[in-house]
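A.B. asks: Provide a 3D model corresponding to the input given below.
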Amino acid sequence: MRSRHTLRRSRRAAFVGFLALGVMITPAVAGSRIESSFRVGTGLSLKTVRHPDAPQEIRVLTLAPGPSVPDIAPATSQYPMWGLTSSMSANSGAIAGVNGDFGTGLGQPKHTLMIDGELWTTGQSGGNAIGWSTRGKIAYIGHPQLKIAGHDVTHLSDFFISGWNARSPQLGMIAGYTTRGGNVTRPPGTMDPSGSDPQWCAARLVPTRQIEWQSPSRTSLVRRYRVEVQPQPCPKTPLGFGSNPSGAVVLAVKASSMQAGKITGLAVNDAVKLSWTLQGWPGVTDVMGAQQMLVKKGANVAQPYNPGDDHIFNYNPRTAMGISKGCSDTVRTTNCRMFLVTVDGRQTSTNWSMGVRLPALAGELLRAGAWKGVNVDGGGSTTMWVKRRDSRYCESTPNVGGCLANRPSQSGGERATRTAIVVLPTTDTGTPKQIR
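C.D. replies: Below is the predicted model of the structure:
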């Protein structure tokens with residue numbers, strides 16, 4: 001028989017081992033809220049909230065400063081983009097992830113998207129966004145002013161680009177295209193044009209250097225190119241990306257535009273520099289588009305629901321992201337924490353969760369400690385995946401491994417989306433070293 005001293009030591013060791021597994025940290029009952037917290041990765045915790053009176057099922061991932069970092073996982077390398085949050089998260093090597101931005105029926109991100117310093121699109125419509133540095137020590141939420149500038153180094157001529165992998169050039173402005181647009185968003189023109197079709201002045205640029213910061217202040221990302229093709233006279237047919245399309249850019253504008261001369265003024269082998277700047281968001285390498293602002297400077301600014309409003313403002317499943325004050329301030333001693341929140345909905349028939357309106361979603365961000373917060377895609381898209389399985393928070397187990405910590409409202413399980421916001425266990429190796 002073991003002594004009392006040995007028993008106490010064994011129990012203490014077992015308790016320490018129990019915590020080391022990253023399981024429950026603090027269960028609590030706050031009013032009718034039943035809360036439990038778990039460690040699901042280094043610096044990453046998961047809180048589950050059951051509100052039986054509503055009913056509501058709420059999940060909150062909190063990312064603290066450390067080796068784990070935020071990132072964006074796309075469904076595919078070009079449009080159309082369709083993929084499950086669990087698959088995008090697992091395939092990226094993440095330890096957790098939630099669904100990302102709204103999208104179009106053609107499989108495009110709806111708003112601005114930048115991944116690892118590469119601008120994928122300016123989006124199909126304006127909107128708010130979330131942006132962060134590759135190490136997650138800096139983050140912003142709001143409506144970024146994105147400026148894309150071109151500089152013809154050879155002829156010292158400047159121009160601006162109005163859209164990137166979005167729609168055809170509007171109001172005679174120059175637009176940029178890359179292979180990320182796939183077969184959905186392509187350089188303008190018609191393969192079999194008629195007499196009434198417009199002419200397009202275009203130039204194909206091929207990169208001569210990698211993406212880099214324009215200056216030590218990290219206010220702009222820049223890449224240098226060489227003009228490979230600039231057909232004259234301006235044809236009605238589209239200009240392709242060539243035999244080696246990796247990194248190639250096509251700039252296009254209507255021949256009738258006052259800006260056409262900026263493109264026709266380019267000649268083969270000219271040096272061109274393109275830069276993209278998120279004004280007021282220095283150091284940002286990843287940007288995920290979003291929709292309604294929920295929290296501004298610690299205040300709930302979410303739009304309430306009134307009878308007759310669009311259904312998006314009523315009770316629905318939700319996904320949101322928030323950041324602490326330390327993410328955007330200039331005080332180096334304050335830390336940046338990020339919050340990923342999901343609320344299940346449209347499942348009152350099973351007494352699981354009815355969903356929330358936007359002000360209540362903002363309230364959950366404020367409870368977590370958010371200084372700013374924004375609404376991302378929700379409804380049937382709302383999904384939270386966690387790599388570490390634990391029966392106390394796992395609701396289902398997808399084939400890719402890990403588990404879903406929530407119950408998506410979509411019939412049959414997860415709904416395919418364009419992107420996922422993920423948490424990587426270590427440094428984001430997808431970001432080029434020169435801009436980390």
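A.B. asks: What distance do you get for Val250 to Arg346?
C.D. replies: Distance, Val250 to Arg346, using C-beta to C-beta, to the nearest Å: 43 Å. To be clear about C-beta, it is placed using only N, CA and C from the backbone, and glycine gets the same treatment.
A.B. asks: Asn128 now?
C.D. replies: Taking C-beta to C-beta, one finds Asn128 at 24 Å from Arg346.
A.B. asks: how deep is the nearest residue to Arg167 once chain neighbours are set aside tucked in, by neighbour count?
C.D. replies: Leaving aside its chain neighbours, Arg167 sits nearest to Gln124 (6.8 Å; criterion: C-beta to C-beta, 6 or more residues apart in numbering). Residues near Gln124, counting by other C-beta atoms under 10 Å, number 20.
A.B. asks: so which strand or helix has Ser125?
C.D. replies: Ser125 belongs to no helix or strand when assigned by DSSP states H and E.
A.B. asks: surely it meets His111?
C.D. replies: Yes: the pair Ser125 / His111 is scored as a contact, 6.8 Å apart, by C-beta atoms under 8 Å.
A.B. asks: Grab the most central residue of this structure for me.
C.D. replies: The residue lying closest to the centre of the chain (C-alpha atoms, centre = their mean) is Met288, at 2.7 Å.
A.B. asks: Looking at that residue now. What's its pLDDT?
C.D. replies: Met288 is assigned a predicted lDDT (pLDDT) of 98.
A.B. asks: and the residue nearest to Arg167, what is it in contact with?
C.D. replies: Residues near Gln124 by C-beta atoms under 8 Å, 6 or more residues apart in numbering: Thr104, Gln108, Pro109, Lys110, His111, Ala166, Arg167.
A.B. asks: Against Ala175, how distant is the last one?
C.D. replies: Right, the one you point to is Arg167. Applying C-beta to C-beta to Arg167 and Ala175 gives a distance of 8 Å.
A.B. asks: how many neighbours does the closest residue to the residue nearest to the centre of the chain other than its chain neighbours have?
C.D. replies: Using C-beta to C-beta, 6+ apart and skipping residues adjacent in sequence, the residue nearest Met288 is Ile130, 4.9 Å away. A count of nearby residues for Ile130, using other C-beta under 10 Å, gives 30.
A.B. asks: How about the contacts made by Ile130?
C.D. replies: Counted by C-beta under 8 Å, 6+ apart, Ile130 has contacts Ala139, Tyr140, Ile141, Val287, Met288, Ala290, Met321, Ile323, Val374, Val376, Ile421.
A.B. asks: what pairs with the host helix or strand of it, and is each one parallel or antiparallel?
C.D. replies: Applying DSSP H and E as the criterion places Ile130 in strand 129-132. Sheet pairing of strand 129-132 (DSSP bridges) gives strand 139-142 (antiparallel), strand 286-289 (antiparallel).
A.B. asks: Single out the most deeply packed of the ones you listed.
C.D. replies: Across the strands paired with strand 129-132, averaging neighbours per residue (mean count of other C-beta atoms under 10 Å) puts strand 286-289 on top, at a mean of 26.
A.B. asks: Done for today, thanks.
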